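In: okay, sequence plus prediction incoming.
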Amino acid sequence: MSMDTLVINLSQHILSADEMSVLARGPSYVPTLNFDDFGLEVDLFKFERLLNLKSFFSHRTTETMPPTEPPGTDNLALPIEPSGTVNSADQKGTKLTNVWSSKQLSFLDVLISQENGEFHTDLYRKDTDRNALLRADSHHPPSLINALPFSQKVRVSRITSRQDKLAPAMDDLRERFTKRGYTPAVLDAALNREVIPNRATKDEKRIVFSTTYNRASNLVRFTIRKHWHLLQNDEVLAASCQTPPLIAYRRGRNLSDNLIHADNKDHYHTPHFLEGGKQGNFRCMNCSVCNSLTTGDVFCHPHSGKKITIHNRITCRSTFVVYIIRCPCGLVYVGKTTRMLKHG
């Protein structure tokens with residue numbers, strides 16, 4: 001494989017106004033996703049399997065580890081060194097800056113300072129940091145968009161120890177959210193909400209239904225809750241399905257996932273001897289399913305006798321397969337699996 005097929009030179013490409021508008025939204029921006037019926041089918045299959053496992057193991061109890069105490073802070077001390085700044089540049093012109101002080105220490109987003117024998121904490125942001133907050137028009141669940149300003153308020157309130165610096169930090173937080181498209185109503189509801197310290201969490205073990213958020217997610221959530229009473233009245237699943245499931249959404253593909261590919265695995269992937277080649281059904285020659293597998297590129301319908309062509313290469317190692325099990329009595333069972341066919 002030549003380097004021309006691996007590397008695409010985009011240095012001469014001129015971005016259009018629409019492309020510039022999309023890229024300006026940031027790499028974390030998620031475009032609106034269409035309904036993925038196959039992905040939802042896979043998520044529902046995994047959820048069904050989780051329900052069966054929960055019902056089977058519901059009689060077992062899990063042991064919990066005792067909570068561990070945080071390490072003591074009696075001997076906490078900051079290194080005292082002279083203040084200063086060091087600037088250096090490499091041959092490519094990259095500038096590196098190292099700043100230290102005997103009165104303050106920065107760690108991640110926290111600035112620890114010492115004044116009059118007391119320690120204080122404030123928010124710390126580098127001069128080169130940009131506004132990386134999630135945009136309000138990104139295709140995320142509305143509950144996440146509405147809860148993000150309040151979660152950032154809690155973060156600012158916990159880090160900022162001095163009340164005289166809390167109000168300017170909140171004003172700066174409001175300005176940053178406004179630039180990302182959040183409405184004043186959402187910001188007022190979040191920033192005026194009272195922060196409850198050490199809030200107690202509910203200790204309930206709810207089953208989780210995980211799926212990718214898309215246009216049909218609200219309809220899926222409504223349908224599950226509408227018909228959940230059928231599982232609550234089921235003889236087998238009633239004990240483990242009394243509480244409706246907790247619906248958790250996975251993030252869709254953002255601009256970074258679609259545009260940035262740091263590692264091209266195709267150029268060093270070692271193909272299996274069963275990959276590629278002629279289409280049809282073949283044995284892998286290394287499992288127990290091979291003995292009962294019917295090979296060929298065509299199979300007949302069990303009742304009508306119509307010939308059906310296989311348009312892919314399927315082996316015992318293939319995943320996401322619809323299969324047929326033929327009974328000696330003449331009946332057939334049609335099933336599906338997301339795992340390898342030899343493990344399904």
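Out: Everything's here; your move.
In: so how far is the helix or strand harbouring residue 49 off the chain centroid?
Out: In the assignment (DSSP states H and E), residue 49 maps to helix 37-56. Taking C-alpha atoms, centre = their mean, to the nearest Å, one finds helix 37-56 lying 18 Å from the centre of the chain it belongs to.
In: so what touches that helix?
Out: Residues outside helix 37-56 that contact it (C-beta atoms under 8 Å, 6 or more residues apart in numbering) are 207-212, 216, 220, 231, 236-237, 239-241, 245, 320, 336, 338. Using the backbone N, CA and C atoms, a C-beta is placed for each residue, glycine as well.
In: in a strand, residue 120, correct?
Out: Yes: under DSSP: H, G, I helix; E, B strand; the rest coil, residue 120 sits within a strand.
In: okay, strands next: where are they in the stretch 51-200 of the chain?
Out: With strands called from DSSP state E, counting those that start in this stretch, the stretch 51-200 of the chain shows them at 84-89, 95-100, 104-107, 110-115, 118-123.
In: just the ones in strands from the contacts of helix 37-56, please.
Out: Applying DSSP state E to these, the entries found in strands are 208-212, 336.
In: among those residues, which two are most distant?
Out: 208 and 336 (22.6 Å; C-beta to C-beta).
In: what about the stretch 1-150 of the chain, any weak spots by pLDDT?
Out: 1-8, 57-99 (pLDDT under 70).
In: make it 80
Out: 1-13, 15, 18-19, 22-28, 31-37, 51-102, 127-128 (pLDDT under 80).
In: hmm, back to that, going through the contacts of helix 37-56, which ones are buried?
Out: 207, 209, 211-212, 216, 220, 231, 237, 240-241, 245 (16 or more other C-beta atoms under 10 Å).
In: tell me the one of these nearest residue 251?
Out: residue 212 (7.8 Å).
In: hang on, isn't that closest one packed against residue 30?
Out: No: assessed by C-beta atoms under 8 Å, residue 212 is found out of contact with residue 30, at 10.3 Å.
In: joint contacts of the two?
Out: Contacts common to residue 212 and residue 30, judged by C-beta under 8 Å, 6+ apart, are 251-252.
In: quick one: buried residues of stretch 255-262?
Out: Applying 16+ other C-beta under 10 Å to stretch 255-262 flags residue 255 as buried.
In: hmm, residue 208 and residue 250 touching each other?
Out: No: using C-beta under 8 Å, residue 250 is not in contact with residue 208, being 11.4 Å away.
In: for residue 174, grab the count of nearby residues.
Out: 19 (other C-beta atoms under 10 Å).
In: grab the nearest non-local neighbour of it.
Out: Sequence neighbours aside, residue 187 is the residue nearest to residue 174 in space, at 5.7 Å (criterion: C-beta to C-beta, 6 or more residues apart in numbering).
In: so where's the stretch 151-300 of the chain uncertain?
Out: For the stretch 151-300 of the chain (pLDDT under 80), the answer is 195-205, 235-240, 257-277, 285-286.
In: mind doing that once more with 90?
Out: 153-171, 173, 179-181, 183, 185-221, 223-225, 227-300 (pLDDT under 90).
In: show me the protein divided up by domain.
Out: For the chain, automatic domain parsing gives the domain ranges 37-53+204-259, 133-196, 280-337.
In: adding distance to residue 109, write the ones you listed out as JSON lines.
Out: Formatted as JSON lines, these follow (distance: least, C-beta to C-beta, whole Å):
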{"stretch": "domain 37-53+204-259", "distance to residue 109": "21"}
{"stretch": "domain 133-196", "distance to residue 109": "7"}
{"stretch": "domain 280-337", "distance to residue 109": "42"}
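In: so where do the helices sit in the stretch 201-344 of the chain?
Out: Assigned by DSSP state H, counting those that start in this stretch, the stretch 201-344 of the chain shows helices spanning 217-226, 229-232, 255-259.
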